[in-house]
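[1] what's the 3D shape of this:
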Amino acid sequence: MEKAKPFEDYFSDPKLSADKLERLALVRKLVHEIYPSVKEQVSYAMPGFYPKDATKANQQLFLMQAAKGWLGLYGTFGMTPEDVAPYAAAGVTVGKGNVHIPYDLPEDDLRQVLQKVIDYNLARTGLE
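    Numbers count the residues shown, from 1 in each chain. Okay, the predicted model is just below:
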């Protein structure tokens, strides 16, 4: 596992291609639009987004990591393929505690998937 680094460093990692860094930055921008009071912090060596009232590491909106073929959202325990079914044809998949999003998913679809993940985790944690 990669060692944790400051939050901002994940968005300028020289090991990542420009298109992956752009996608990470877009996700960050969209999260702030969807949930303006978001708290940013590193958890499990990944940049994470948390509700304003979160006090525990498992109360995240999600953590994210740039993988070779997809952007991974983590901390989505209990989500099922049905939760992202409208985006399955575009390559969005759900695993155990994660959602894989292809880098070429259109921005509007990405926003909707992020909204679903955020709403799901807010309901799961009982936070707003």
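
[2] which stretches of this protein have low pLDDT?
    1 (pLDDT under 70).

[3] Tell me which stretches of it form strands.
    Using DSSP state E, the strands of the chain run over residues 39-43, 46-50, 62-66, 71-74, 93-95, 98-101.

[4] ok, and what's touching stretch 121-128?
    For stretch 121-128, contacts defined as Cβ atoms under 8 Å, 6 or more residues apart in numbering pick out P51, D53, A54, N58, Q59, Q60, L61, F62, G75, T76, F77, G78. Using the backbone N, CA and C atoms, a C-beta is placed for each residue, glycine as well.

[5] Where is the longest helix in the chain?
    Counting residues, the longest helix in the chain under DSSP state H turns out to be helix 107-125.

[6] Give the buried residues for that helix.
    Neighbour-count burial for helix 107-125 flags D109, L110, R111, Q112, V113, L114, K116, V117, I118, Y120, N121, T125 (criterion: 16 or more other Cβ atoms under 10 Å).

[7] cool, and stretch 65-79?
    Applying 16+ other Cβ under 10 Å to stretch 65-79 flags Q65, A66, W70, L71, G72, L73, Y74, G75, T76, M79 as buried.

[8] Ok, stretch 31-51 next?
    Buried residues in stretch 31-51, counted by 16+ other Cβ under 10 Å: V31, I34, Y35, V38, V42, S43, M46, P47, G48, F49, Y50, P51.
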